[in-house]
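**Q** here you go, sequence then predicted model.
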Amino acid sequence: MTARTPRPFTGCVFIATSLDGCIARPDGDIDWLTSRGRDAGETGYDAFIAGIDCLVMGRATYEKALTFDAWPYDGRTVLVLSRRAEAGADPRVQVVRDVPEAVDAIVARGARRVYVDGGGAVRSFLAAGLVQELTITTAPVLLGAGLPLFGPLEADVALEHRSTSVLGAGFVQSTYAVVH
């Protein structure tokens with residue numbers, strides 16, 4: 001898609017990182033977030049997710065969601081972006097192999113607001129020009145090592161700051177629009 005091509009949906013990221021930019025420990029653990037997250041107070045997640053038609057997540061994020069007490073995405077279309085996950089193994093999700101297949105599935109469903117979650121999925125959708133909004137909540141902790149939200153980029157991704165809020169327990173949440 002070029003800057004002039006109309007986008008069929010709005011790609012949105014709503015994610016938490018450590019202060020040093022990690023979304024999980026090297027082994028995928030997010031205890032650093034879950035142990036502190038309640039203290040952040042109102043993050044706006046419930047209002048955000050209420051406006052989402054479809055979710056696209058990477059395999060590791062999907063596998064992490066499977067460990068939660070309850071499936072958090074009931075009633076929503078969930079696409080798992082993975083070359084290794086078994087298609088059809090979980091009726092709650094559709095496995096898609098790459099970004100073009102994910103876009104085809106999103107468009108086929110008529111989704112207008114798409115939640116992109118997980119480091120690899122976020123990076124892939126950013127690289128394809130399919131993310132328009134980023135909300136990043138930073139937890140007041142340094143992990144020293146872990147899975148980064150962002151990594152090498154082919155080009156700069158220009159952002160326009162929309163807002164920053166200080167939440168409880170030292171959490172800071174910033175929202176940006178991606179400038180295409």
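**A** Okay, I see it. Residues are numbered from 1 along each chain as shown.

**Q** in which helix or strand would I find Ile15?
**A** Here Ile15 is covered by strand 10-18, with elements defined by DSSP states H and E.

**Q** parallel or antiparallel, which strands does the helix or strand just after that strand pair with?
**A** Next helix or strand after strand 10-18 toward the C-terminus (DSSP H and E): strand 22-24. The strands beside strand 22-24 in its sheet (DSSP bridges) come out as strand 147-148 (antiparallel).

**Q** helix or strand right after the partner strand?
**A** Secondary structure here is assigned by DSSP H and E; on that basis, the next helix or strand after strand 147-148 toward the C-terminus is strand 159-166.

**Q** so for that next one, mean pLDDT?
**A** Averaging pLDDT along strand 159-166 gives 98.

**Q** again, but for stretch 13-20
**A** Stretch 13-20 shows a mean pLDDT of 98 in the predicted model.

**Q** next, Glu154: phi, psi?
**A** As for Glu154, its main-chain torsions (degrees, to the nearest 10) stand at phi -70, psi -30.

**Q** so it sits against Ala127, correct?
**A** Yes: the pair Glu154 and Ala127 qualifies as a contact (CB atoms under 8 Å) at a distance of 6.4 Å. For every residue, glycine as well, the C-beta is placed using N, CA and C.

**Q** which one's more surrounded, the two?
**A** It is Ala127, of Glu154 and Ala127, that has more neighbours when counted by other CB atoms under 10 Å, with 14 against 7.

**Q** tell me which residue is most central in this structure.
**A** For the chain, the residue lying nearest the average C-alpha position, counting by CA atoms, centre = their mean, turns out to be Asp117 (2.1 Å).

**Q** that older thread, how far is the strand holding Ile15 from where the chain is centred?
**A** Chain-centre distance of strand 10-18: 4 Å, with CA atoms, centre = their mean, to the nearest Å.

**Q** kindly report the same for stretch 72-79.
**A** Here stretch 72-79 is found 14 Å from its chain centre; the criterion is CA atoms, centre = their mean.

**Q** CA atoms only for the strand holding Ile15 - export them in CSV, please.
**A** Taking only C-alpha atoms (Å, rounded to 0.1, in the frame of the first residue of the first chain), the coordinates of strand 10-18 have been written out as CSV:
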residue,chain,number,x,y,z
THR,A,10,-7.5,1.1,10.9
GLY,A,11,-4.6,-0.9,12.5
CYS,A,12,-4.2,-0.2,16.2
VAL,A,13,-1.6,-1.3,18.7
PHE,A,14,-2.3,-1.2,22.4
ILE,A,15,0.6,-2.8,24.3
ALA,A,16,2.7,-2.6,27.4
THR,A,17,6.5,-2.5,27.6
SER,A,18,9.2,-2.3,30.2
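
**Q** which neighbours does it have in its sheet, and in what orientation?
**A** Paired with strand 10-18 in the same sheet, following DSSP bridges, are strand 113-117 (parallel), strand 133-139 (parallel).
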